[in-house]
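Trainee: let me see the structure of the following:
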Amino acid sequence: RPHGGGDAAERGEVLVGGGLRSAAGSPSLRVRLVAGALIEVQHRAAEGGRTWATARVTAVAEPGLCTVAWRPSGQTSVLRLSLHGGPNWRFVDL
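Mentor: From the prediction side, this is the model:
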């Protein structure tokens, strides 16, 4: 699977509407979506199409409301991650 990354200037808009893109995380979302979790968020690619950008969850303010640090830049964003809406995202299973 292709990996995106880079800093904010290289990432396009976050694609929304689908929520979690991996069945592996759905039953244990609250257990897995914690500080330290590694995720990928789908973005519109500069050349068209879609790409995945990697981020580490740095804080969870309430269930699903997460601060993430994009890799490799370290720039942070706040995202509301859920099963069925919001940004298209998935866990990175190492």
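
Trainee: contacting residues for the spatially most central residue of the chain?
Mentor: Centroid check for the chain by CA atoms, centre = their mean gives Val41 as the closest residue, at 3.2 Å. Counting by CB atoms under 8 Å, 6 or more residues apart in numbering, Val41 makes contact with 14, 52-53, 55, 68, 79, 87-89. Quick note: C-beta positions are derived from backbone N, CA and C, even for glycine.

Trainee: then Arg90?
Mentor: Contacts for Arg90 were tallied using CB under 8 Å, 6+ apart; they are 20-22, 25, 39-40, 52.

Trainee: for Trp52, helix, strand, or coil?
Mentor: Assigned by DSSP: H, G, I helix; E, B strand; the rest coil, the conformation of Trp52 is strand.

Trainee: just the C-alphas of the helix or strand the residue nearest to the centre of the chain falls within, formatted as CSV.
Mentor: Val41 belongs to strand 38-44 when elements are defined using DSSP states H and E. Coordinates of each C-alpha in strand 38-44 appear next as CSV, following Å, rounded to 0.1, in the frame of the first residue of the first chain:
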residue,chain,number,x,y,z
LEU,A,38,0.1,5.1,14.5
ILE,A,39,-2.5,6.0,11.9
GLU,A,40,-2.8,6.9,8.2
VAL,A,41,-5.2,9.6,7.0
GLN,A,42,-6.3,9.8,3.4
HIS,A,43,-5.6,13.1,1.5
ARG,A,44,-6.2,14.3,-2.0
